[in-house]
Structures are given as structure tokens and as C-alpha cells.
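Chemist: below is the sequence, then the predicted model.
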Amino acid sequence: MRWKLAIVAVAIATATAVVSGGVGAEQSRSPVTGSFNEASLLQAFEAAKTGDYGPLGALPAPTAAAIPALERLLADNDETVRREAVTMLGRIDDPAAVPVLAAALADPVDDVATRASAAIYRLGPDAMQPGVGDQIRKAVENGLTAGGAILILAHDPATEETITVLQKLRDAKGDELTEVFTSSSAVSIGLMADTALAKLGEVRARDNLIAAAGSGDLPTVEFLLSALREIDSPHVIEALAAVTLTDTRPVQGDAPSGAETGMRLADLAATRFAARFNLDADIDGMADERLPDQTIETIKAELENYIAAAK
């Protein structure tokens, strides 16, 4: 299944803190960024081919200036090189990386294509440049079920074509599981497709999301909270808020696995709703922490006002 990542890839990504680069392009000494050059990049990937990922971890954070070199590395025959190159592209917070990432969606290795889709999703609606939607739809039609590829199609301006592709995916593989990032909980492809389809205006998908939110299933509602950017139906938001803002079950949030934060689902929901709808609450969106009850009550009241105005 395309969403599953190879065990070795997870180990590599953890060890190198998701750094990347590549081999196979002709070495040169032209600068890639102001702080490292292409020769260093290539040398780091030559080392990675032998299992030595230390040089990759020592490279500075990449910028858009590294995109041409990384694009060449995505043509390398070595899977390790392509995987780490696409990971480095995903660390470049610039839509200029999107065309290269979109091309990587056709990579024969599931891990590479999945990482590319996650990187595109992370960039958000700005990633949907001319032609990118076509590439993503084609990749999904060809079997890519990575969550990032499914969800970003919610922002595809080619609405009719995209709805058709997502409906076919939901009907064919709706019960299978997928995820957006390696750290995300796996949820059904159907839930992912419904999230995108609801934003594109499909009534069936909207009703499915309302039912999913009302179920209270923890992985389901955590996913919906993580995908609030793609949810704008006031009815879905109302159903999700009704369940999550009163739920005291412990959750991890965005903290590293194993961290003790004392965070409840209600705290996570309040933090996500405040950020998504710019609600007036004193919440540090970067902190995974338990919130005062009064703060959650404030979020409830403000969200109710937002929903009433949006209906």
C-alpha cells in the first residue's frame, strides 16, 4: 500500500532529522546556497549511499537556491538518493519547489511519492500552481493514496475533474487506511476523500464528515482537527466542536512521542479552532499544554458566534 513507509526510511529520517540531498548529478563547485555548495551536497549523498548519513545531517537548512540541484538528484537510480532529495525539497518553505515535488509523485517507490505529497500538502493552497493539480490527479488515478495528495486536491480549481477522481477513489479504496505524515494517525481513505470533497461542495461528503465528527472516534476527530484548513462547512465545524471541546481524553498533540503534556482532546480542539478561525483567545498555538477551563469556554462562545454568522 502506497501510504506505508519503508522501515529503513523511517529510521533514516529520524536519524537525519529529515535532511536530504542527492547523487548522480555531475559534481561542481557552484554555490547552492550562501552557506554550502553543490560539491558538499553530492559528497553527502555519496556517503549516504554507503549508509553514512552523518554528512547529510551536517548540511545547513536548504533554500530555494538548492532546488535545481535537488531536481537533478531526483533522477538518480538510487532510491536512497531520491528519497532524501525529496525530503530536503520538503524542507524548503517556498512554492518554487512544488513543480519538482509534483514530478516526484510519479516515482516508482511509494516512500518517495508519499513524501512528495506530504511536502506539497504542507505548503497549502499556494502549492496548486498551473498544471500541479493535473499531476496530482494523475498520480491518484495511478494508485497514489497518500493523504497529502488527497487532501491538497481540496484546493484544486479544476473542480469537476477533481471531484470525479476523488469519488472513484472513495468508492474503490474508501476502507483502506492512509496518512499525511509519518507522525500522523492512519485514517480511512474515504474520510480523507470526504474531507476534500466536502470543501469542493459535495453534499454527501459533508454529511459523511458530520457523522464522522459525531462518532467521537479519537483518531477520526484528531484527524479532522488536523485538517481544519480544508473544512469550511459550518455544520461540520459545529458537529466537531460539540464533540471535541468537552472531551477530556488525553492526547499527544504535536509534542514528541512519549512527552507528558497533560493535554486533553478539548485543549487540542480549542487550540486548533482558535488558530483556524483567528479567535480571540490567549493561546500559544505552539505549546502542547492543558488550557484553563475558562479559555475553553471562551473558545466555545466565540466559535458559536462564528458558526451562527456562517450559516
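Modeler: Cool, got the structure. Numbers count the residues shown, from 1 in each chain.

Chemist: ok, Thr162 - contacts?
Modeler: Thr162 is in contact with Gly133, Arg137, Leu153, Asp156, Ala196, Leu200, counting by C-beta atoms under 8 Å, 6 or more residues apart in numbering. C-beta: built from backbone N, CA, C; applies to glycine.

Chemist: tell me where the stretch 101-250 of the chain has helices.
Modeler: Under the criterion DSSP state H, counting those that start in this stretch, the stretch 101-250 of the chain contains helices at 110-123, 132-141, 147-152, 159-173, 189-199, 203-215, 218-226, 234-244.

Chemist: what's the mean pLDDT across the third one?
Modeler: Read that as helix 147-152. Per-region confidence: helix 147-152 scores 98 on mean pLDDT.

Chemist: and for stretch 245-257?
Modeler: 85.

Chemist: stretch 182-195 now?
Modeler: Stretch 182-195 comes out with an average pLDDT of 94.

Chemist: okay if I get the contacts of Thr162 as JSON lines plus neighbour count?
Modeler: Compiled in JSON lines, the contacts of Thr162 are given as follows (neighbours: other C-beta atoms under 10 Å):
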{"residue": "Gly133", "neighbour count": "22"}
{"residue": "Arg137", "neighbour count": "20"}
{"residue": "Leu153", "neighbour count": "29"}
{"residue": "Asp156", "neighbour count": "22"}
{"residue": "Ala196", "neighbour count": "26"}
{"residue": "Leu200", "neighbour count": "18"}
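
Chemist: mind listing the strands for the stretch 201-311 of the chain?
Modeler: Shown for the stretch 201-311 of the chain, no strands are assigned by DSSP state E, counting those that start in this stretch.

Chemist: so where's it shaky on pLDDT?
Modeler: Counting by pLDDT under 70, the ranges of the stretch 201-311 of the chain that qualify are 255, 257-260, 285-287.

Chemist: which residues touch the closest residue in space to Val109 that isn't next to it in sequence?
Modeler: Spatial nearest neighbour of Val109, chain neighbours left out: Glu79 (5.2 Å); criterion: C-beta to C-beta, 6 or more residues apart in numbering. Residues near Glu79 by C-beta under 8 Å, 6+ apart: Val109, Asp111, Val112.

Chemist: residues of stretch 87-106 that come out buried?
Modeler: For stretch 87-106, burial by neighbour count (16 or more other C-beta atoms under 10 Å) applies to 87-92, 95, 97-105.

Chemist: now do it: everything it contacts.
Modeler: 13, 18-21, 61-64, 66-67, 70-71, 74, 82, 86, 112-113, 115-120, 122-123, 126-127, 129, 131-132, 135-136, 138-139, 142, 144, 149.

Chemist: could you redo the last one with a cut-off of 7 Å?
Modeler: 13, 18-21, 61-64, 66-67, 70-71, 74, 86, 112-113, 115-120, 122-123, 126-127, 129, 132, 135-136, 139, 144, 149 (C-beta atoms under 7 Å, 6 or more residues apart in numbering).

Chemist: any of those buried? List them.
Modeler: 13, 18-21, 62-63, 66-67, 70-71, 74, 86, 112-113, 115-120, 122-123, 127, 132, 135-136, 139, 144, 149.
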